[in-house]
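**Q** Requesting a structural model of the entry that follows:
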Amino acid sequence: MKLNAPYLVLIGSEKDSTYAKTGYGLVQWRRELVAGQLRFSDCKLDLGVPDLTIKEAVNQGVGSLVIGTATIGGIIPDDWWEVISEAVDYGLDIVNGLHIKLNNNPTIVDAAKQSGSKLIDIRVQPSNIPVGTGKKRTGKRLLMVATDCACGKKYTALAMNETMIDAGVDSTFRATGQTGIMIAGEGVPIDAIKADFISGAAEILSPDNNPNHWDVIEGQGSLFHPGYSGVSLGLLHGSQPDAFIVCHDATRKVISGWEHYSLPSIQECIDLHIQAGRRTNPDIVCVGISLNTSGLSKDDRVNYLNNLRKETNLPCVDPLVDGCEDILLHMKQAFSF
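**A** Prediction:
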């Protein structure tokens, strides 16, 4: 998959940064490809790139309008279609990572045929995905898991992969979500796979490899999420991870968007993933905790991390602040590489 850069990122009227993670992720990891953002007048979020209209973006040589949000249920809001239609009329490609398909909208499809725009739906199940076999594969695998959705799995995977490569470790980032696929240029949209084939898709994503090679696999959902736990379990079984990192928002107390469910403790998260993960890899271990501590004061952050290290006996870092070197050091000791 090759996208037509540079990009104009559409975040519309989104008010919650949690759901604008696609836009933020593209700016964080592929800033050189992002020309600007398109926000509606009531949008308070800011990706830190120039605001552009469709016409301004076209005049600056933008190639694609990228939908920069991950809405609950993957729906494109009604008032966004006018902007998408305008972009198509100007000949821009439209890159969509939501569950709803651009190619199922006859009006947009007809307009794209007239203008030559490409309608790129990321969340489409690849053909010939098999049922998972559960057979052991060569190579090593590191999976990101979490206490909830949208709390750093993609960021942690990208940061860990970068840290490992910088340290000379043979490592590959394996994307499983729309933003990760846009960043990496390849991957498998795990939450678009039919339930029976999720573990098989994970096996294809991280195939046999050299014994010392690490696949760093972007996680999806959470085993504790009442809506999205199914994809998490399939990814866990199919990935057969040798190691996993727990991702957590230090200030979050309830499941985001499902506030009637409280978050599990980090130890509960570790224990459940070991219990479930042992089904396909009996030697699975947790190698660290990745935290979003942006909501804590400096002193509270230090105390929180210190207390958590004592409780878990594991490296606990905010990758945005601390980097991931401590987790990599722990991995080297645990796996002797």
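**Q** shouldn't Gly277 be in contact with Asp242?
**A** No: shown here, Gly277 and Asp242 do not form a contact pair, counting by C-beta atoms under 8 Å, at 9.6 Å. Every C-beta, even on glycine, is put in place using the N, C-alpha and C of the backbone.
**Q** looking only at pLDDT, what's the mean for stretch 50-63?
**A** pLDDT averaged over stretch 50-63 equals 96, rounded to a whole number.
**Q** quick check, distance from it to the centre of its chain.
**A** Using C-alpha atoms, centre = their mean, to the nearest Å, the mean C-alpha position of stretch 50-63 is found 26 Å from that of the whole chain.
**Q** Do you have the strands of the stretch 1-150 of the chain handy? List them.
**A** Counting by DSSP state E, counting those that start in this stretch, the stretch 1-150 of the chain forms strands over residues 7-12, 34-39, 64-67, 93-96, 119-121, 140-146, given from the N-terminal end onward.
**Q** Let me have these in JSON lines, adding distance to Trp80 as columns.
**A** As requested, the strands of the stretch 1-150 of the chain are arranged in JSON lines below (distance: least, C-beta to C-beta, whole Å):
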{"stretch": "strand 7-12", "distance to Trp80": "5"}
{"stretch": "strand 34-39", "distance to Trp80": "10"}
{"stretch": "strand 64-67", "distance to Trp80": "8"}
{"stretch": "strand 93-96", "distance to Trp80": "10"}
{"stretch": "strand 119-121", "distance to Trp80": "14"}
{"stretch": "strand 140-146", "distance to Trp80": "28"}
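**Q** between those, which gets nearest to Pro130?
**A** Closest of the strands of the stretch 1-150 of the chain to Pro130 is strand 140-146, at 18.2 Å (criterion: C-beta to C-beta).
**Q** With only the CA atoms kept, save the closest one in CSV.
**A** Output in CSV follows, covering the C-alpha atoms of strand 140-146 (Å, rounded to 0.1, in the frame of the first residue of the first chain):
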residue,chain,number,x,y,z
LYS,A,140,10.7,-13.7,19.0
ARG,A,141,7.6,-11.6,19.5
LEU,A,142,6.8,-8.6,21.7
LEU,A,143,3.1,-7.6,22.0
MET,A,144,1.6,-4.5,23.4
VAL,A,145,-1.5,-5.0,25.7
ALA,A,146,-3.5,-2.6,27.8
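**Q** Counting by contacts, list what that strand packs against.
**A** Under the contact criterion of 3 or more C-beta pairs under 8 Å, 6 or more residues apart in numbering; DSSP states H and E, the helices and strands touching strand 140-146 comprise helix 153-166, strand 214-217, helix 229-239, strand 243-249, helix 266-277.
**Q** Quick check: Asp89 touching Lys113?
**A** No: taking C-beta under 8 Å as the definition, Asp89 is not a contact partner of Lys113, at 11.9 Å.
**Q** More neighbours: which of these two?
**A** The residue with more neighbours, out of Asp89 and Lys113 and counting by other C-beta atoms under 10 Å, is Asp89; that gives 14 against 11.
**Q** so what's the more buried one up against?
**A** 111, 115 (C-beta atoms under 8 Å, 6 or more residues apart in numbering).
**Q** what's the answer for Asp215, then?
**A** Listed by C-beta under 8 Å, 6+ apart, the contact partners of Asp215 are 139-142, 171-172, 174, 205-206, 209, 239.
**Q** Now rank those by neighbours and give me the top one.
**A** Neighbour counts for those, by other C-beta under 10 Å, peak at Ser239, which reaches 30 neighbours.
**Q** What residue spans form the domains of this protein?
**A** Using automatic domain parsing, the domains assigned to the chain come out as 7-121, 140-335.
**Q** Deepest in the core, which of those is it.
**A** Each of these was given a mean neighbour count from mean count of other C-beta atoms under 10 Å, and the largest, a mean of 20, is that of domain 140-335.
**Q** how long is that domain from one end to the other?
**A** Its start and end residues considered, domain 140-335 measures 10 Å (C-alpha to C-alpha, to the nearest Å).
**Q** Stretch 274-286 too?
**A** For stretch 274-286, the first and last residues are 8 Å from each other (C-alpha to C-alpha).
**Q** Please apply the same query to stretch 316-329.
**A** Using C-alpha to C-alpha, the gap from the first to the last residue of stretch 316-329 comes to 12 Å.
**Q** Same question for stretch 84-101.
**A** Distances were taken as C-alpha to C-alpha; on that basis the terminal residues of stretch 84-101 are 13 Å apart.
**Q** What mean pLDDT does it get?
**A** Here the average pLDDT along stretch 84-101 is 95.
**Q** Just checking the distance from it to the centre of its chain.
**A** For stretch 84-101, the distance between its averaged C-alpha position and the chain's averaged C-alpha position is 21 Å (C-alpha atoms, centre = their mean).
**Q** again, but for stretch 203-213
**A** In terms of C-alpha atoms, centre = their mean, the centre of stretch 203-213 is found 20 Å from the chain centre.
**Q** shaky segments in this protein?
**A** Under the criterion pLDDT under 70, the flagged ranges of the chain are 1.
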